[in-house]
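Chemist: Quick one, fold the following:
(one chain, ligands or ions: 1)
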Amino acid sequence: MQCLVYNTTGEPLELVPSLMGLALHLRGKAVILEVLPGRVARSVRLSFPLPKSVVLCRHRRVRSRVASLSNEHLFLRDEHRCAYCGRHRRELGPRERLTRDHLVPRARGGADTWLNVVTACSTCNHRKDDRLAEEVGHVPRVTPWVPTRGELVARRLMQKR
Ligand SMILES: [Zn+2]
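Modeler: Prediction:
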């Protein structure tokens, strides 16, 4: 069971085991926002509700917050939708899958960086091939952006709900 830790600014920071969230709370370092229904941690005499989310009492400075670029992270950023046809992963055919598409193709010197990649279904990606989106009249519906680790953690959690 996991617990989402929010910074004082409301920005999601990380997932920790619920017991660690509880420990933060008991040590006065965080306040419980939501508890996991029906889940408790027991000591000899006491029982404590396990938190689903906590907010830190003091601001935590975060360094290197940009998420690493992997397909898993990319699809999370783009909510598992093709940037061209807009279909969700669930709407793809049995032989289709989500892929990483480079706006400026790698073959043309495009970088493998957050701002140059979008999620594309395999069909749209093949149609585009090594051409620029404008050349095929196939412009992505989304503008790529650089996600932080916290943003992706929050997205993953929202998916599960
Ligand atoms: Zn598509």
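
Chemist: Quick one: name the residues of this structure near the ion.
Modeler: Cys82, Tyr84, Cys85, Cys121, Cys124 (Cβ under 5 Å from the ion). C-beta: built from backbone N, CA, C; applies to glycine.

Chemist: May I ask which of the residues you listed has the most neighbours?
Modeler: Cys82 (27 neighbours; other Cβ atoms under 10 Å).

Chemist: Pull up the per-residue confidence for the nearest residue to that residue once chain neighbours are set aside.
Modeler: Spatial nearest neighbour of Cys82, excluding adjacent residues (Cβ to Cβ, 6 or more residues apart in numbering): Cys121 at 4.0 Å. Cys121 is assigned a predicted lDDT (pLDDT) of 96.

Chemist: on that earlier part again, what is the most widely separated pair among the residues of the chain next to the ion?
Modeler: The largest distance within the residues of the chain next to the ion, taken as Cβ to Cβ, falls between Tyr84 and Cys121 and amounts to 7.5 Å.

Chemist: what separates Leu50 from the ion, distance-wise?
Modeler: Counting by Cβ to the ion, to the nearest Å, the gap from Leu50 to the ion is 41 Å.
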